[in-house]
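1. coords please:
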Amino acid sequence: MRTLPALCLALALPVPAASLPSYELEIRDGHFTPPSLTVAARQRFKINVHNRGQGPVEFESLPLRVEKVLGPGVSSFVVIHPLKPGRYGFFDEFHLDLPGGYIEAQ
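-> As a prediction, this is how the structure comes out:
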């Protein structure tokens, strides 16, 4: 019965998820680089967000129901659920006077 504990352990280990498509987005004092991202529709994806500015930023999107606050020099990520084809806006809540960007799902 030595194999039964090993089998139970193997079944309890998490299965690695397939890697998500990833996109890079920099925010510098309210300015997005690039200002838009084109992604595949109906597929989850990850956005790596980097604050390259001198103050805090907040990556926020109301239609995507996501927000991430980053201090100066901080990087993080958000995972976005599968999107229907269309355009989804985002902005920096700390710099509402500046233009936001958008994600185009095709």
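
2. which residues touch stretch 24-39?
-> 21, 23, 45, 47-55, 57, 59, 70, 80, 83, 90, 92, 94-95, 97-106 (C-beta atoms under 8 Å, 6 or more residues apart in numbering). (Each C-beta comes from the backbone N, C-alpha and C, glycine too.)

3. same check on stretch 80-91?
-> 32, 39, 41-47, 59-64, 66, 100-106.

4. which of these count as buried?
-> With neighbours counted by 16 or more other C-beta atoms under 10 Å, the contacts of stretch 80-91 contain buried members at 32, 39, 45, 47, 59-61, 64, 66, 100-103, 105.

5. gap between Pro74 and Arg44?
-> Pro isn't right for residue 74; it's Val. 23 Å (C-beta to C-beta, to the nearest Å).

6. pLDDT wise, what is Met1 at?
-> We have a pLDDT of 51 for Met1.

7. I should have written Val49 there, sorry.
-> Value for Val49, per-residue pLDDT: 98.

8. let's verify Phe94: helix, strand, or coil?
-> Three-state assignment for Phe94 (DSSP: H, G, I helix; E, B strand; the rest coil): helix.

9. what is the burial count for Asp92?
-> 25 (other C-beta atoms under 10 Å).

10. one step back: which of the contacts of stretch 80-91 fall within strands?
-> Counted as lying in strands by DSSP state E, out of those, are 32, 39, 45-47, 59-61, 66, 101-105.

11. so where's the protein uncertain?
-> Within the chain, the segments meeting pLDDT under 70 span 1-18.

12. mind listing the helices for it?
-> For the chain, the helices defined by DSSP state H cover 3-12.

13. distance of Gly101 relative to Ser19?
-> 24 Å.

14. against His31, how distant is Ser75?
-> Distance from Ser75 to His31, by C-beta to C-beta: 16 Å.

15. more crowded one of the two?
-> With neighbours defined as other C-beta under 10 Å, Ser75 and His31 compare such that His31 has more, 16 against 12.

16. count the neighbours of Ile80 for me.
-> Neighbour tally, Ile80, other C-beta under 10 Å: 21.

17. which residues touch the closest residue in space to Ser22 that isn't next to it in sequence?
-> Leaving out its chain neighbours, the residue that sits closest to Ser22 by C-beta to C-beta, 6 or more residues apart in numbering is Lys46, at 4.6 Å. With contact set as C-beta under 8 Å, 6+ apart, Lys46 has these partners: 20-23, 77-80.
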